[in-house]
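Participant: structure, please.
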Amino acid sequence: MATILSVSGSPSATSRTARLLRHLDARLTAQGHEVIPLDVRTLPAEALLGADFKHPAIVETTALFAQADGVVVGTPVYKAAYSGLLKSLLDLLPQYALEGKTVLPLATGGTTAHVLAIDYALRPVLNSMGAGHIVQGWFTLDKDITVGDDGSLTIAPGSAEALEQVVDRFSVVLGGRPSRTSLLAAAG
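Facilitator: Numbering: from 1, shown residues only. The predicted structure is shown next:
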């Protein structure tokens, strides 16, 4: 199956965005894909902010993008746009780092006023980087993502179902098999 790079653009160590991505990574893995998680916040700040294209961590990250068949890009929405941390990374990648790749944009935020951040802020950048196919993304409200004291993740039912459908479409485009749940929904 496909190799997927799952990129969290959240600067927070306790990020709901990152936890949501890792939850979705498990779904993609179950569908037969190899998923490589990348939390941008773990990259050296001096390399990101200093635009050090030759820093070993940036070179390695660029290689991860190059080897991926698909990329999931998740970001919290701040001030109606994707995170500055994600922007710092995208600026360091080659101009066509997403050429020929299937990309799934995901965002989280505190209000539905930010729902268009995917289409008006993130999608144009992904497109300019040569993405072969940007599948329909999804915005999830922060209130629909609950992290338990034990680190468990709960997604509100309506949001969970929508996310499953979006991830399953992404998987199918990459040549994955749809989940049993989506097959049952299609048959029902």
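
Participant: distance of residue 156 relative to residue 169?
Facilitator: Distance, residue 156 to residue 169, by Cβ to Cβ, to the nearest Å: 20 Å. In this view, the C-beta of every residue, glycine as well, is placed from N, C-alpha and C.

Participant: with residue 28 instead?
Facilitator: 12 Å.

Participant: of those two, who's got more company?
Facilitator: residue 28 (25 against 15; other Cβ atoms under 10 Å).

Participant: isn't residue 129 right up against residue 93?
Facilitator: Yes. If you go by Cβ atoms under 8 Å, residue 129 and residue 93 touch, sitting 6.9 Å apart.

Participant: more neighbours: those two, which one.
Facilitator: Neighbour totals were compared for residue 129 and residue 93, and residue 129 leads with 19 against 16 (other Cβ under 10 Å).

Participant: can you pull the contacts of the residue positioned nearest the centre of the chain?
Facilitator: Of all residues in the chain, the one closest to the mean position by Cα atoms, centre = their mean is residue 73, 2.5 Å from it. For residue 73, the contact set (Cβ atoms under 8 Å, 6 or more residues apart in numbering) comprises 7, 9, 86, 103, 104, 105, 106, 122, 126.

Participant: host element of it?
Facilitator: Here residue 73, judged by DSSP states H and E, is contained in strand 70-78.
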